[in-house]
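1. what shape does this take:
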Amino acid sequence: MKTYTVQIAGFTRHLPIVQIEENLSIASFDLLGDVELVEVAAQKLAEKLPHVDVLITAEAKGIPLVYELSKKLQLPRYVVARKQIKSYMNQPMIHEVNSITTSTPQILAIGYEDAAFLNYKRVAIVDDVISSGSSLEALEALVQKAGGEIVAKACILVEGDSIGRCDVIHLDKLPLFTNHIPNPSHT
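-> Prediction:
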């Protein structure tokens with residue numbers, strides 16, 4: 001299996017290159033279970049963020065990052081937008097999203113309690129990887145509907161269309177691979 005090597009906050013990770021469409025492959029970054037990378041990435045992002053009252057992420061890979069980042073920022077609570085409406089959600093707010101890694105449209109949803117918590121708060125949207133920006137846009141729409149003020153957008157890695165964005169705080173970049181895979185090393 002071909003891999004892409006990336007350095008993130010002093011840690012080296014060898015990411016498998018995975019085909020997601022006929023002519024498109026990605027270096028697959030999976031933060032789940034990587035305790036040391038979550039801790040150091042959260043510290044590095046905490047140093048770059050402005051003052052925020054609450055963090056929001058999309059289910060699921062961003063959850064350990066916002067948990068650790070909330071601890072470092074001494075925030076008592078964070079919000080997770082779920083990929084389906086849960087039975088316990090009162091008056092859910094939803095927004096549709098088309099992610100680069102899923103073949104069908106999905107939703108992101110937050111319940112009334114989370115929406116009320118975001119109201120009038122300074123919010124940072126946080127994710128593990130931002131690529132096309134569609135999940136980011138869905139989270140922005142939910143925060144705005146809830147009455148929160150988006151003061152920062154942050155992730156560990158940007159890839160694809162998001163590499164050139166100046167409005168996203170990030171630690172490193174990932175390429176997208178089209179048609180063929182070039183030399184899969186990165187320094």
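
2. for this structure, where's the lowest mean pLDDT among helices and strands?
-> Here the helix or strand of the chain ranked lowest by mean pLDDT, DSSP states H and E is strand 93-97, holding a mean of 81.

3. let's see that strand as CSV, backbone CA atoms only.
-> Taking Å, rounded to 0.1, in the frame of the first residue of the first chain, the C-alpha atoms of strand 93-97 are listed here in CSV:
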residue,chain,number,x,y,z
MET,A,93,-31.8,22.2,13.4
ILE,A,94,-30.3,20.5,10.3
HIS,A,95,-28.2,21.3,7.4
GLU,A,96,-27.3,19.1,4.4
VAL,A,97,-23.6,18.4,3.6
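
4. that strand pairs with which strands?
-> Sheet partners assigned to strand 93-97 using DSSP bridges are listed as strand 106-110 (antiparallel).

5. immediately after the strand it pairs with, which helix or strand?
-> As assigned by DSSP states H and E, the chain's next helix or strand after strand 106-110 is helix 112-118.

6. determine how far the least confident helix or strand of the chain lies from the middle of the whole chain.
-> 16 Å (C-alpha atoms, centre = their mean, to the nearest Å).

7. got it, and stretch 67-77?
-> Counting by C-alpha atoms, centre = their mean, stretch 67-77 comes out at 16 Å from the chain centroid.

8. now do the same contact list for the residue positioned nearest the centre of the chain.
-> With the centre of the chain defined as its mean C-alpha position, the nearest residue by C-alpha atoms, centre = their mean is D127, 1.5 Å away. By C-beta atoms under 8 Å, 6 or more residues apart in numbering, the contact list for D127 reads 57-58, 61-62, 65, 135-136, 139, 154-155. In short, each C-beta sits where N, CA and C put it, glycine included.

9. redo the residues you listed as CSV? Include pLDDT and neighbour count.
-> Formatted as CSV, the contacts of D127 follow (pLDDT from 0 to 100; neighbours: other C-beta atoms under 10 Å):
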residue, pLDDT, neighbour count
T57, 97, 27
A58, 94, 25
K61, 91, 17
G62, 94, 27
L65, 97, 26
S135, 89, 27
L136, 91, 23
L139, 95, 26
A154, 97, 25
C155, 96, 26
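
10. which of the residues you listed fall in helices?
-> 65, 135-136, 139 (DSSP state H).
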